[in-house]
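Q: what follows is a predicted protein model with its sequence.
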Amino acid sequence: MKKQLLAVAISCLSVLGVQAQGTWVPQATGFPNVSTGVFNVSVCDANTVWISSYDGSGGQANVRDFSVTIDGGATWIPGVVPAPAGHAWSMIHGLDATTAWAIFYNATAGTGGGIWKTTDGGVTWNQQGVGTIFNASSFPNVVHFWNANEGFAMGDPNPTEFELYTSADGGATWTPVPGANIPDPIAGEYGIVNHYTVVGNTVWFDTNKGRVYKSTDKGLTWTVSSTGITVPANGAIDCIFWDANNGLARLYNNTTGVNTVRSSTDGGATWTPITPTGNMFGSDIKPVPGTASRLISTGAATGFIGSSYSDDGGLTWVDIETAAQRTALGVWDVNTMWSGGFTTSPSSDGIYKYEPLSVVACGDPLINSGTSAAVDATVCFGDTLFFSTIGANPPTVGTTFGFSIIVSTGDISGNPDPLSQPGILGGTGVQFPAPNPANTILINNAAVFPAGVYYFTPVVYGNATGTGNITALTLDPACTYTGTSVMVTLYDVGDPACAVGLSELNGASLSVSASQMGSVLNLNIGSANAGQVTAEVYDVTGRMIASELVSVSTGMNSHKLDASTFSAGTYVVRVLDGSNVATTKLVKF
């Protein structure tokens, strides 16, 4: 029975991956629309980064939003490039805190587009080269500047050669590269938006036919080679170089997670098959400047999410984490990099900065198992337990370390060897860093635990071994710190204690109920006081997927929340007014 129970507990409680090198810390993109993804990341220096966007909701809207930070991501300033409606991002390229270029293609017409430039930090943008660079038959893919003056731009063959331009005055004027300087494309060949790599004066871009074009003079003359990779229809390879000679090209299958990889040691003149080991994720791959051959990869495909690194030019890969969808990468050095994600709130996330781990040794006074509480410690059948822990800070030593919740039939507060105690029933996976707050959600439907009295206990630990649920780990009692157990009562269906409506509400000061109408959640919020409340929506893993500030008057209030990006499933809605909390459960169909 215990093994069956644990299997269910793993699927119903929060489960995240462990990482061993550092952590991705969320930063707020400021993008106004939930599910906006980061399309590309352009890092100018350790403090200045520009990002472009795309519609990650599945609605395929054409967006022109960008955001920029000049303080290392502490604050991001969003905006919209005034390209025509129907245009979509090819990429953004930042030079410094004030200057950037944005290149778009006309996604509505299928061809056309152009380049826009800002010199005031994104406040205003002006289109460059109108009538002289790209036309109604063009498909712009790439723009890059080496400095304030010298740059190049690339588009698909139009009409017969790849459309290549150079500029010597910051894009004020553009000179077409003569066709004689560009190897002819093969039938059906085209470039890929934002697919290029630069080392010094040398630039490479890849094509849908598995070929790589190269220029060693900032785009003035070009050669081409074949990687030998056969690219399927509508597919694309990634090509990167980390010095003038060494690079790789790969084709990623986002259904199987398999990479087809070729490496080069002569600047792309020839390519040799290699077989990587470990997770080489498929969203993006970038070299790390200042290292011999360190590479970073990110993944957002279903079943293949996370990030990883390689220190041998892509032969072997080690997971950083497998906890969240990671999109585009921008890398400044080994300690300073950003990975895109998806915005769940303009004020909380959407872009993630890598923070190397500081060593927290066993016995360090910074270690804290956190303070835990249940919104309601008596949960009627069909209602939802919302268990939250704040302030947890685990050790960072050993093979496995992090934060978890243990569920038991007895109080295990402060025990240095909690898994050795009788009555251990289950728990969560390894979480690192410990979210603050770390939320655990359990629907009382007897699928995980039958009616009874249980204890939920926060635990932080280092020097552990094993993977998966905490009950599958071997903990080191000398480096395990068990917090205070919180008693929770789960009532059976029809229990007399619930006959008078024992609820999840905090008294009569605040109440909430929820219903679905199409893609909208209708929240009915009862409040004893006029003011503002925060409405939050969580999935069953405890991840907050929406948060809105709602103005309420005394009495009942109606509020509509956009749920068009929510998948079908069970959600918990929580409303807070600073002193009171109310929760309710909703099943979205």
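A: That came through, no problem. Numbering: from 1, shown residues only.
Q: tell me where the stretch 201-350 of the chain has strands.
A: Taking DSSP state E, counting those that start in this stretch as the criterion, the stretch 201-350 of the chain contains strands spanning 202-207, 211-215, 223-226, 237-241, 247-253, 258-264, 272-274, 284-287, 295-301, 304-310, 318-321, 329-333, 336-340, 350-356.
Q: the shortest one pairs with which strands?
A: It refers to strand 272-274. When pairs are called by DSSP bridges, strand 272-274 turns out to pair with strand 258-264 (antiparallel).
Q: buried residues, the partner strand. List them.
A: For strand 258-264, the buried set under the neighbour-count rule, 16 or more other Cβ atoms under 10 Å, comprises N259, T260, V261, R262, S263, S264. Where you see a C-beta, it was placed from the backbone N, CA and C, and this is true even at glycine.
Q: between those, which sits nearest P477?
A: Nearest to P477 out of these is N259 (Cβ to Cβ; 41.5 Å).
Q: that closest one contacts A249, correct?
A: No. Using Cβ atoms under 8 Å, N259 is not in contact with A249; the gap is 10.2 Å.
Q: residues in contact with the residue most central in space within the chain?
A: Nearest to the geometric centre of the chain sits G341, at 2.7 Å (Cα atoms, centre = their mean). Neighbouring residues of G341 by Cβ atoms under 8 Å, 6 or more residues apart in numbering: P26, G37, V38, A324, Q325, R326, T327, D349, G350, I351, Y352.
Q: quick one, phi psi at it?
A: For G341, the backbone dihedrals (degrees, to the nearest 10) come out as phi -150, psi -140.
Q: how close does it sit to E189?
A: 33 Å (Cβ to Cβ, to the nearest Å).
Q: pick the most deeply packed of the strands of the stretch 201-350 of the chain.
A: strand 336-340 (a mean of 25; mean count of other Cβ atoms under 10 Å).
Q: buried sites along stretch 578-588?
A: By 16+ other Cβ under 10 Å, the buried positions in stretch 578-588 come out as N580, V581, A582, T583, T584, K585, L586.
Q: among those, name the ones in strands.
A: The strands, defined by DSSP state E, take in V581, A582, T583, T584, K585, L586 from the buried residues of stretch 578-588.
Q: need these in CSV (columns: distance to N463).
A: Converted to CSV, these look like this (distance: Cβ to Cβ, whole Å):
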residue, distance to N463
V581, 36
A582, 41
T583, 37
T584, 41
K585, 39
L586, 41
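Q: what's the most distant pair in the residues you listed?
A: V581 and L586 (16.4 Å).
Q: what is the end-to-end distance of stretch 208-227?
A: 11 Å (Cα to Cα, to the nearest Å).
Q: then stretch 34-53?
A: From start residue to end residue, stretch 34-53 stretches across 12 Å - Cα to Cα.
Q: so what's the gap between that stretch and the chain middle?
A: The chain centroid and the centroid of stretch 34-53 are separated by 12 Å under Cα atoms, centre = their mean, to the nearest Å.
Q: in it, what's buried?
A: Applying 16+ other Cβ under 10 Å to stretch 34-53 flags 34-44, 48-53 as buried.
Q: cool, and stretch 423-436?
A: Neighbour counts over stretch 423-436 (16+ other Cβ under 10 Å) mark I424, L425, G426, G427, T428, G429, V430, Q431, F432, P433, A434, P435 as buried.
Q: in this structure, where's the longest strand?
A: Ranked by residue count and defined by DSSP E, the top strand of the chain is strand 452-464.
Q: quickly run through the sheet partners of the helix or strand E536 falls within, with directions.
A: Using DSSP states H and E, E536 sits in strand 531-539. Its sheet considered, strand 531-539 pairs with strand 544-552 (antiparallel), strand 569-576 (antiparallel) by DSSP bridges.
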